[in-house]
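Participant: A structural model of the following input is requested.
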Amino acid sequence: MTISAEVRLSPQEQDLLAGILHTSVEELDAILRGYATAALEEYCRMALGQKVFTRVQDMKEYRLYLLIKEVFQNRIPDDQKITDSPEKR
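Facilitator: Predicted structure coming up:
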């Protein structure tokens, strides 16, 4: 299933987001596509009753799994990449 969405960000917000994600404004669409796919899959599975968690930790682990799958090309990012603040990136 293919879904299209639009996010309205000011030029300043786009610049900030590009910096946080270590990319250019021109590449934001491509980079954010993985995040959007992971988030949409999480919500679809939850609505279908396939991934309904009773523990917050389980939900976080599933969300991390989806990010690894969709954003990090099935590679586990190192702790530093996950925890860096935007100022350090």
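
Participant: can we go C-alpha only for contacts and neighbour counts from here?
Facilitator: Will do.

Participant: where is the longest helix in this structure?
Facilitator: When every helix of the chain is counted residue by residue (DSSP state H), the longest turns out to be helix 28-47.

Participant: what sits up against that one?
Facilitator: Contacts of helix 28-47 from elsewhere in the structure, counted by CA atoms under 8 Å, 6 or more residues apart in numbering, are 14, 18, 23, 51, 52, 63, 66, 67, 69, 70, 71.

Participant: before we move on, what about stretch 55-73?
Facilitator: Residues from elsewhere that reach stretch 55-73, judged by CA under 8 Å, 6+ apart: 31, 34, 35, 37, 38, 39, 42, 53, 74, 75, 76, 77.

Participant: now, which of those residues sits nearest residue 3?
Facilitator: Minimum separation from residue 3 among the contacts of stretch 55-73 (CA to CA) is found for residue 37, which lies at 9.3 Å.

Participant: please report how far that closest one lies from residue 71.
Facilitator: 9 Å (CA to CA, to the nearest Å).

Participant: what does residue 14 give?
Facilitator: As judged by CA to CA, residue 14 and residue 71 stand 19 Å apart.
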